[in-house]
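>>> 3D, please:
(chains A, B and C)
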Amino acid sequence: MAEFSERVLRIAKLIPKGKVTTYSEIARALGRPLACRAVGQALRRNARPVEIPCHRVVRSDGGIGGYSGSRPGKIRQKAMLLSSEGVEVRDGMVNLGRHMHKPDAGQSFL
DNA sequence: GCACTGACCGGTC
DNA sequence: AGACCGGCCAGTG
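You can find the predicted model right below:
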């Protein structure tokens, strides 16, 4: 099936540059506000850095979260990428109130 | 089909 | 403010 995962990846692709979203927001867009963990699972398993900018997906508390298997080097690069796109990252913390992007439910079944 | 895992979240201590 | 605990969702053994 992996239908859920595909939706997650699709939404991740639609995240505009310079904006970030949270696992919860994606889950909510999919109609599963509590599936934040499943979202992380989908991203981790699919992890296609080029086709899917999963680095724009952060935690609801502003934390960078994980990246490509929670590899420290990758996580650091994730922060650098966000910073390069205009998202201010401070010690692994993102300004959600400034760059939080809320995906539309319509995009989930695009 | 059950049990464990995982890039999480929210509340509580 | 930092650490801990339980819960929820999908994927995998």
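>>> tell me the secondary structure for whichever residue of chain A sits closest to DNA strand B?
As assessed by C-beta to the nearest atom of the strand, DNA strand B sits closest to residue A:66 within chain A, at 1.9 Å. In short, each C-beta sits where N, CA and C put it, glycine included. Three-state assignment for residue A:66 (DSSP: H, G, I helix; E, B strand; the rest coil): coil.
>>> what's the one helix or strand in chain A whose mean pLDDT sits lowest packed up against?
Least confident helix or strand, chain A: helix A:105-108 with a mean of 80, by mean pLDDT, DSSP states H and E. Packing partners of helix A:105-108 (3 or more C-beta pairs under 8 Å, 6 or more residues apart in numbering; DSSP states H and E): helix A:3-13, helix A:23-29.
>>> is it up against DNA strand C anywhere?
No. Helix A:105-108 stays clear of DNA strand C (C-beta under 7 Å from any atom of the strand), getting no nearer than 12.2 Å.
>>> burial count for the residue of chain A closest to DNA strand B?
By other C-beta atoms under 10 Å, 17 other residues sit near residue A:66.
>>> that one contacts residue A:37, doesn't it?
No. Judged on C-beta atoms under 8 Å, residue A:66 makes no contact with residue A:37 at a distance of 11.8 Å.
>>> do you know how far the residue of chain A closest to DNA strand B is from residue A:5?
Distance, residue A:66 to residue A:5, by C-beta to C-beta, to the nearest Å: 16 Å.
>>> residue numbers of chain A in contact with DNA strand B?
So far as C-beta under 7 Å from any atom of the strand goes, chain A lies against DNA strand B at A:22-24, A:36-41, A:43-44, A:46-47, A:54, A:57, A:59-61, A:63, A:65-70.
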